[in-house]
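>>> Sequence plus the predicted model coming up.
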Amino acid sequence: MNPNVEDEASWIVHTIPGFPKALRGYVFPPAEIQKGHLFICLTIKESEIDAI
């Protein structure tokens, strides 16, 4: 993220374990639980937004 650039935006996605609460129960295999997190950060120029 560059505060000196006016035609860019950042989109950050982060998971929070247990949020939101699932409507139905589900189970992950125990070996996969520690691998089940996600973090994404995208920096996009304003001129590229429509293409996405």
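On my side now, so go ahead.

>>> use CA for all of it now, contacts and neighbours both
Fine.

>>> what residue lies at the spatial centre of this structure?
By Cα atoms, centre = their mean, the chain has its centre lying nearest to Val13, at 2.2 Å.

>>> For my notes, confirm that residue occurs in a helix.
No - assessed with DSSP: H, G, I helix; E, B strand; the rest coil, Val13 is strand; it does not lie in a helix.

>>> what secondary structure does Ile44 sit in?
Going by three-state DSSP: Ile44 is strand.

>>> so how far is Thr15 from it?
21 Å (Cα to Cα, to the nearest Å).

>>> repeat for Phe28
16 Å.

>>> Of these two, give the one with the bigger neighbour count.
Between Phe28 and Thr15, Thr15 has the larger neighbour count (other Cα atoms under 10 Å), namely 12 against 8.

>>> per-residue confidence at the more buried one?
As predicted, Thr15 sits at a pLDDT of 73.

>>> What of Glu48?
For Glu48, the pLDDT comes out at 83.

>>> What count of nearby residues applies to it?
Neighbour number of Glu48 under other Cα under 10 Å is 10.

>>> That one and Asn4, how far apart?
Plainly put, Glu48 is 18 Å away from Asn4 if you go by Cα to Cα.

>>> next one: Ala22
41 Å.

>>> next one: Ser10
According to Cα to Cα, Ser10 stands 13 Å off from Asn4.

>>> and those two? which has more neighbours close in?
Legend: neighbour count by other Cα under 10 Å for Ser10 and Asn4, higher for Ser10 (12 against 7).

>>> How about the contacts made by that one?
1, 41-44 (Cα atoms under 8 Å, 6 or more residues apart in numbering).

>>> Reformat the residues you listed as JSON lines; add neighbour count and distance to Gln34.
Below are those laid out as JSON lines (neighbours: other Cα atoms under 10 Å; distance: Cα to Cα, whole Å):
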{"residue": "Met1", "neighbour count": "12", "distance to Gln34": "29"}
{"residue": "Cys41", "neighbour count": "11", "distance to Gln34": "21"}
{"residue": "Leu42", "neighbour count": "11", "distance to Gln34": "24"}
{"residue": "Thr43", "neighbour count": "12", "distance to Gln34": "27"}
{"residue": "Ile44", "neighbour count": "15", "distance to Gln34": "30"}
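
>>> Fine by me, thanks again.
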